[in-house]
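**Q** Below: sequence and its predicted model.
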Amino acid sequence: MFKIFLALHLLAAIFAVGPLVHAATTASRGLRKADAAATASSERTIRIYAYASTLVVIIGFGLMSMDTPYGNKEKAGEFTDLWIWLSVVLWFAAMSLALGLVTPTLAKATAAIGRGESVSPLVARVAAGGGIVGLIFAAIVFLMVYRPGS
């Protein structure tokens, strides 16, 4: 059962977090080109996959509560482990940026483009927010692999 949950955790991470990070880090292209369809698509993709990333966390908590199959009869992790609680905190930070900064800015930009207004002041906000989201998820992957404190 452990290996099934591990596979599900990894698949969810690849298919939910991957598109989220890609959309967040490339969303500013649509702003630079003043392409309302691209900004709307990026906003929708980021929002959908941000919510889908919750599955990664849920499956991870299920995985954490299981005994490892490696013969030592230990739990895969405890919430008090540095790498786990720090990953959760970073995930909340990434979700806050994605859903609280990047998607509202993209929605605002889409509306502005539709009205023929300039969106150049919003490019830096989206680019920085998306880049930070990408860096946060890179840090989470590092924590999951390296497991500091274990």
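**A** The structure has been received and is ready for your questions.
**Q** The residue nearest to A107 when sequence neighbours are not counted: helix or strand, and which one exactly?
**A** Residue nearest to A107 in three dimensions, not counting chain neighbours: E43, with 5.3 Å by Cβ to Cβ, 6 or more residues apart in numbering. Where you see a C-beta, it was placed from the backbone N, CA and C, and this is true even at glycine. Secondary structure assignment for E43, by DSSP states H and E: helix 36-64.
**Q** Any buried residues in that helix, and which?
**A** 36, 38-43, 45-47, 49-50, 53, 55-57, 59-60, 63-64 (16 or more other Cβ atoms under 10 Å).
**Q** quick one: the spatially most central residue of the chain from L10, how far?
**A** Geometric centre of the chain, nearest residue: V17, 4.9 Å, by Cα atoms, centre = their mean. Distance from V17 to L10, counting by Cβ to Cβ, to the nearest Å: 10 Å.
**Q** got any ranges where the protein has weak pLDDT?
**A** For the chain, the stretches with pLDDT under 70 are 71.
**Q** All the helices of this structure, in order from the start?
**A** Assigned by DSSP state H, the chain shows helices spanning 2-12, 18-26, 28-32, 36-64, 82-97, 103-114, 120-146.
**Q** Output the ones you listed in a markdown table, with distance to K73 appended to each entry.
**A** Formatted as a markdown table, the helices of the chain follow (distance: least, Cβ to Cβ, whole Å):
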| stretch | distance to K73 |
| --- | --- |
| helix 2-12 | 12 |
| helix 18-26 | 34 |
| helix 28-32 | 49 |
| helix 36-64 | 15 |
| helix 82-97 | 19 |
| helix 103-114 | 44 |
| helix 120-146 | 22 |
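**Q** Quick check: M64 touching W83?
**A** No. Using Cβ atoms under 8 Å, M64 is not in contact with W83; the gap is 10.6 Å.
**Q** Give me the common contacts of those two.
**A** Here M64 and W83 share the contacting residues G77, scored by Cβ atoms under 8 Å, 6 or more residues apart in numbering.
**Q** dump the residue contacts of S120.
**A** Contacts of S120 (Cβ under 8 Å, 6+ apart): L31.
**Q** correction: G134
**A** Contacts of G134 (Cβ under 8 Å, 6+ apart): 21, 24-25.
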